[in-house]
Each structure stands twice: as C-alpha cells, then as structure tokens.
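Trainee: Here is my input; please provide its structure:
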Amino acid sequence: MTSVWPENHFFLSLDQSLVLAMEDEGRWMIRNNLTRERSVPDYRNYIYTKGLEEIKPEAVNIIR
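Mentor: As a prediction, the model looks like this:
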C-alpha cells in the first residue's frame with residue numbers, strides 16, 4: 001500500500017451542469033404536482049464551501 005498510495009490523485013467536483021439539472025428536476029416536480037413547493041430553491045445556498053475554501057481556496061469557484 002505504501003508504494004502505490006502516492007500514485008492516487010483524489011479530487012471532488014460539483015459541475016454547474018449538475019446544479020442546473022437539479023433546478024430542472026425541481027421545476028418538473030412542481031409542474032407535475034409532486035411537491036407542495038411552488039418555487040425552485042437556489043441549490044447554491046445548500047453547498048457548504050467554507051471547508052473547501054479552508055483547504056484550497058483557489059479551487060472553489062461558485063457562480064452566484
């Protein structure tokens with residue numbers, strides 16, 4: 001394990017297209033009366049960026 005571990009490069013991303021897809025799904029749910037909500041939430045408000053910014057602030061890019 002010691003010899004192969006350095007070969008691994010881990011990263012995490014949340015692409016803008018996924019946020020847009022969640023908004024589309026929210027609109028679809030509202031249109032089809034699958035929820036009591038009447039407006040699509042701003043999903044960006046649910047993304048916790050502080051922890052990410054503490055580790056690597058230059059890698060965090062949230063479009064507001």
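Trainee: C-alpha from now on. contacts and neighbour counts both.
Mentor: OK.
Trainee: Which residue would you name as the spatial centre of the chain?
Mentor: residue 14 (4.2 Å; C-alpha atoms, centre = their mean).
Trainee: ok, that one to residue 47 distance?
Mentor: Per C-alpha to C-alpha, to the nearest Å, residue 14 is found 9 Å from residue 47.
Trainee: repeat for residue 31
Mentor: For residue 31, the distance to residue 47 - C-alpha to C-alpha - is 25 Å.
Trainee: got it, and residue 33?
Mentor: Residue 33 is 26 Å from residue 47, where distance means C-alpha to C-alpha.
Trainee: what are the phi and psi values for the residue nearest to the centre of the chain?
Mentor: Main-chain torsions, residue 14, degrees, to the nearest 10: phi -130, psi 100.
Trainee: So for it, what's the pLDDT?
Mentor: Residue 14 carries a pLDDT value of 82.
Trainee: Repeat that for residue 63.
Mentor: On the pLDDT scale, residue 63 is placed at 74.
Trainee: mind checking the SS state of it?
Mentor: Counting by DSSP: H, G, I helix; E, B strand; the rest coil, the backbone at residue 63 sits in coil.
Trainee: neighbours around residue 7, how many?
Mentor: Neighbours of residue 7 under the rule other C-alpha atoms under 10 Å: 8.
Trainee: Repeat that for residue 26.
Mentor: The local packing of residue 26 (other C-alpha under 10 Å) involves 19 other residues.
Trainee: residue contacts, it?
Mentor: 40-41 (C-alpha atoms under 8 Å, 6 or more residues apart in numbering).
Trainee: how much space between it and residue 18?
Mentor: To residue 18, residue 26 is 12 Å away according to C-alpha to C-alpha.
Trainee: which residue packs closest to residue 42, ignoring adjacent ones?
Mentor: Excluding the flanking residues, the one nearest residue 42 by C-alpha to C-alpha, 6 or more residues apart in numbering is residue 23, at 7.9 Å.
Trainee: cool, and residue 62?
Mentor: Using C-alpha to C-alpha, 6+ apart, the nearest residue to residue 62 is residue 44, at 7.9 Å.
Trainee: helix, strand or coil for that neighbour?
Mentor: Assignment for residue 44 (three-state DSSP): helix.
Trainee: sorry, back to before: how much space separates the residue nearest to residue 42 from residue 53?
Mentor: 25 Å.
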